[in-house]
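**Q** Could you look at this predicted model? Sequence included:
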Amino acid sequence: MQWHPDLFQGDEKKAAEKKFIDIAAAKEVLTDPEKRQKFDNGEDPLDAEAQSHGGYTLIIKYLNQFGYMDKMPKNMSMTSPQMKSVVTDFQRFMGIEETGTLDKKTMDMMNEPRCGVADNLSLRTNRHYNMNSNRRHRRYTLQGSVWPKKNLTWKVTQYSTRDQLRGKDREVDRLMEYALHEWSKNSGLTFVHEKGDKKAMIEIGFKVKDHRDGNPFDGPGKTLAHAFFPQFGGTTHFDDHEQWTISGRPGVDLLSVAVHEFGHALGLGHSDNKDSLMYPTYAGKRTQLKKDDINGIEMLYGKRQQKDTTFLDTNERQKPNVKSVAPDLCSDFRIDAADCNALDECFFFRDDYIWRISDDTGIYPGYPKMISDIFPGIKGKVDSVVTDQNSGRTYIFKKNKVWVFNEPMKKAVRVDDTIENLIRGLETPYLDAATRWGFNGKIYFFRGDEYWRYEPERVSYPINRRYPKSIQSWKGLPDKVDAAMFWPKTGKTYFFKGSQYYRFNDISSSVDRANPPFPRDVTKWWLKCKTARLEDSNDINEIPECDHKNCNNYNESNDPNAKSFFRSVSNSFAKSVNKFLNLFKH
Ligand SMILES: [Ca+2]
Ligand SMILES: [Ca+2]
Ligand SMILES: [Zn+2]
Ligand SMILES: [Zn+2]
């Protein structure tokens, strides 16, 4: 075991990477208009003030931390040729204009939340990436070490203490498994969850500030996470001061960061290709490996023999193909229920069957399946399905009965319970639909022209006595909806009735006003049905930039009208708006 983690501890790990220094102070200095002006003129306004402000020093430390300078220079002027070349290297790697000066774009880039691993590893290893070469293609880098075997074990040794992840150890485990699977499905690697006391090869932890590995974290923002390369043990740490999210709500998407960090734990460095998941800065929710990442991992561990399996597929035994007997949603769309679970796996339910919906709309390969393949014990038509994002549990309702699953493909933890018994205050012989509302994360139940709000964390009155209320508060919604679901892809809540669907606007608290208007046909706008091409319909006249060649590229996942409010503003702002509006809505 040449690279056993135990062989590399303390100082050796410390030697692998250096400290990342907060550069906020530098930013502050540079936002001063007068100093800004001097910068833009190529002068060095900070030289004399380096002692008092520390701004220049922090920039130097950033460039040093991330591998652009070998060591801390004693007296390197901002305008020196060496400094210019270092800044140019940084700009080249990040793919911004190579001015050689600390212009606004460069400073903004230094303030982006990012991974704590250095970009340029060649200064330390003297190979693999030459910053000064004019490489023809932007692509992945390899650190230089690999795991000596292809069957690896992993374990979370320290869970998050953040409110939004507390008590969700099971979901976090499942998320890590999912993130590792993203790499194994594109390589010959397999990962086994080490559950006992045995040490795992890749150990995962949520840490804050100095956590004794030589790479202290830095509070909210800036460095989000880091991981050690195989030769240094593969340990992967997440900064527990970040607003981690696993449910598509505002915050830093844990799954996206985990996929990136595991790339390092497997031996990949950063890529200078902006599309790559291994690009150093955080770019929102991005969980699928790109061509560049796949090329990198294949270079290290070889190609996977059998491709195109999904996470759910590899976790279940082979199930019989039911496609020939299941209803065809394209020719006759109607569903009983819809739900996206804690890992953003989204499903439509109808009769005995279940369809998984892919991120770019359309039906996932291998579906439909029997509902009982995914939720053992569920037979026949269900009324509604909803996953509580706080507990990660999926509730399946049939008439006045309810089943509760901790996760797909495992046995239910509550079987055939009654609604009244499980959800105090909800007295109903059946439900039409259930969803969490993207706006506040709470669960809503619908029946006829009424609805209830459910807050599982309120033990004595999970359903306020003011409910049920009239569905008219959901402006534009019809009564007797078939199904409802929050779709993390767009961050919006959707309602289905017959062959049509409605998209709900959280801010106006009404059905979205859009072209073409809602309700829209599911087969045209969601399922990519061959028989219902947009080209053949009048809808194309309503879509901006749509001509007869490209209009079939439009669907609910990329509808230019569907920009989500919460995706486009800063998290803290969205949160405060959320809090404020919450007082008045529903
Ligand atoms: Ca941080
Ligand atoms: Ca229903
Ligand atoms: Zn990284
Ligand atoms: Zn660490």
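**A** Received it, and whenever you're ready, just let me know what you need. Ligands and ions are numbered 1, 2, ... in the order given.
**Q** Point out the residues in the chain that sit beside ligand 2.
**A** Contact residues (Cβ under 5 Å from the ion) of the chain with ligand 2: 336, 337, 383, 384, 432, 482. Where C-beta positions appear, they are placed from N, C-alpha and C, glycine not excepted.
**Q** Can you tell me the SS state at residue 480?
**A** Following DSSP: H, G, I helix; E, B strand; the rest coil, the label given to residue 480 is coil.
**Q** near ligand 4, which residues of this structure show up?
**A** By the criterion of Cβ under 5 Å from the ion, the positions of the chain lying close to ligand 4 are 213, 215, 237.
**Q** Now do the same contact list for the closest residue to the last one other than its chain neighbours.
**A** With Cβ to Cβ, 6 or more residues apart in numbering as the criterion, residue 237 has its nearest non-adjacent residue at 4.8 Å, and that residue is residue 207. Residue 207 sits next to 158, 217, 237, 238, 239, 240 when contact means Cβ atoms under 8 Å, 6 or more residues apart in numbering.
**Q** Can you select the buried ones from those residues in ChimeraX?
**A** Per 16 or more other Cβ atoms under 10 Å, the buried members of those correspond to this ChimeraX selection:
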select :217,237,238,239,240
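**Q** Now go through the contacts of residue 207 and say which are in strands.
**A** 158, 237, 238, 239 (DSSP state E).
**Q** Could you single out the nearest of the residues you listed to ligand 1?
**A** residue 239 (3.9 Å; Cβ to the ion).
**Q** distance of that closest one from residue 261?
**A** As judged by Cβ to Cβ, to the nearest Å, residue 239 and residue 261 stand 11 Å apart.
**Q** Pretty sure residue 300 sits in a helix.
**A** Yes - counting by three-state DSSP, residue 300 is part of a helix.
**Q** check contacts around the nearest residue to residue 558 once chain neighbours are set aside.
**A** Of all residues not flanking residue 558 in the chain, residue 360 sits nearest, at 7.6 Å (Cβ to Cβ, 6+ apart). For residue 360, the contacting residues are 555, 557, 558, by Cβ under 8 Å, 6+ apart.
**Q** Quick check on the residues you listed: which are buried?
**A** 555, 557.
**Q** with the contacts of residue 360 in mind, which one is nearest to residue 275?
**A** residue 558 (16.5 Å; Cβ to Cβ).
**Q** overlap between the contacts of residue 207 and the residues near ligand 1?
**A** Near ligand 1, by the rule Cβ under 5 Å from the ion, you find residue 239 out of the contacts of residue 207.
**Q** Out of the contacts of residue 207, the closest to residue 438 would be?
**A** residue 238 (24.4 Å).
**Q** who's in contact with the closest one?
**A** Counted by Cβ under 8 Å, 6+ apart, residue 238 has contacts 160, 204, 205, 206, 207, 224, 225, 244, 254, 257, 258, 261.
**Q** and those, which of them are in strands?
**A** Using DSSP E, those in strands are 204, 205, 206, 207, 224, 225, 244.
**Q** Now do the shared contacts for residue 239 and residue 261.
**A** residue 225.
**Q** Now do residue 384, the pLDDT please.
**A** At residue 384, the model reports a pLDDT of 97.
**Q** ditto for the one 4 residues further on
**A** For residue 388, the model assigns a pLDDT of 89.
**Q** Residue 546 now?
**A** 42.
**Q** For ligand 3, what's the nearest residue on this structure?
**A** residue 115 (2.9 Å).
**Q** if we can go back for a sec, could you save the ones in strands among the contacts of residue 238 as CSV and add columns showing distance to ligand 1 and pLDDT?
**A** Formatted as CSV, the ones in strands among the contacts of residue 238 follow (distance: Cβ to the ion, whole Å; pLDDT from 0 to 100):
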residue, distance to ligand 1, pLDDT
204, 17, 97
205, 15, 97
206, 12, 97
207, 10, 97
224, 6, 97
225, 8, 97
244, 11, 94
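**Q** Relative to residue 343, which of these is nearest.
**A** Distance to residue 343, by Cβ to Cβ, is smallest for residue 244 among the ones in strands among the contacts of residue 238, at 14.1 Å.
**Q** Now for the nearest residue to the closest one once chain neighbours are set aside: which residues touch it?
**A** Excluding the flanking residues, the one nearest residue 244 by Cβ to Cβ, 6+ apart is residue 254, at 4.6 Å. Residues in contact with residue 254 (Cβ under 8 Å, 6+ apart) are 165, 172, 175, 238, 244, 245, 246.
**Q** Just list the residues touching the closest residue to residue 492 other than its chain neighbours, thanks.
**A** In space, and not counting its chain neighbours, residue 492 is closest to residue 503: 5.5 Å by Cβ to Cβ, 6+ apart. Shown in contact with residue 503 (Cβ under 8 Å, 6+ apart): 490, 492, 493, 494, 511, 512, 514, 518, 556, 562.
**Q** Nearest to residue 292 among the residues you listed?
**A** Using Cβ to Cβ, these come closest to residue 292 at residue 490, 26.1 Å.
**Q** unless I'm mixing things up, that closest one is touching residue 557, no?
**A** Yes - Residue 490 lies in contact with residue 557 (Cβ atoms under 8 Å); the separation is 6.8 Å.
**Q** ok, the residue of the chain closest to ligand 3 to residue 278 distance?
**A** 9 Å.
**Q** what's the answer for residue 288, then?
**A** Taken as Cβ to Cβ, the span from residue 288 to residue 278 is 13 Å.
**Q** Between these two, point out the one with more neighbours.
**A** Neighbour count, other Cβ atoms under 10 Å: between residue 288 and residue 278, residue 278 has more, with 25 against 12.
**Q** what about the residue nearest to residue 492, which SS state?
**A** strand.
**Q** For it, report the pLDDT, please.
**A** 94.
**Q** next one: residue 118
**A** Model confidence at residue 118, given as pLDDT, is 92.
**Q** What's the local residue count around it?
**A** The criterion is other Cβ under 10 Å. On that basis, residue 118 has 23 neighbouring residues.
**Q** List the residues that contact residue 257.
**A** 115, 224, 225, 238, 282.
**Q** which residues does the fourth one bridge with?
**A** On DSSP bridges, the residues paired with residue 238 through beta bridges are residue 206, residue 225.
**Q** what's the answer for the first one, then?
**A** In this structure, residue 115 has beta-bridge partners residue 225, where bridges are defined by DSSP bridges.
**Q** Distance-wise, check it relative to residue 557.
**A** From residue 115 over to residue 557 (counting by Cβ to Cβ), the distance is 27 Å.
**Q** Among the contacts of residue 360, which are located in strands?
**A** Per DSSP E, those never map to strands.
**Q** Which member of the contacts of residue 360 is positioned nearest residue 443?
**A** Lowest distance from residue 443 to the contacts of residue 360 (Cβ to Cβ) belongs to residue 557, with 24.1 Å.
**Q** All set now, cheers.
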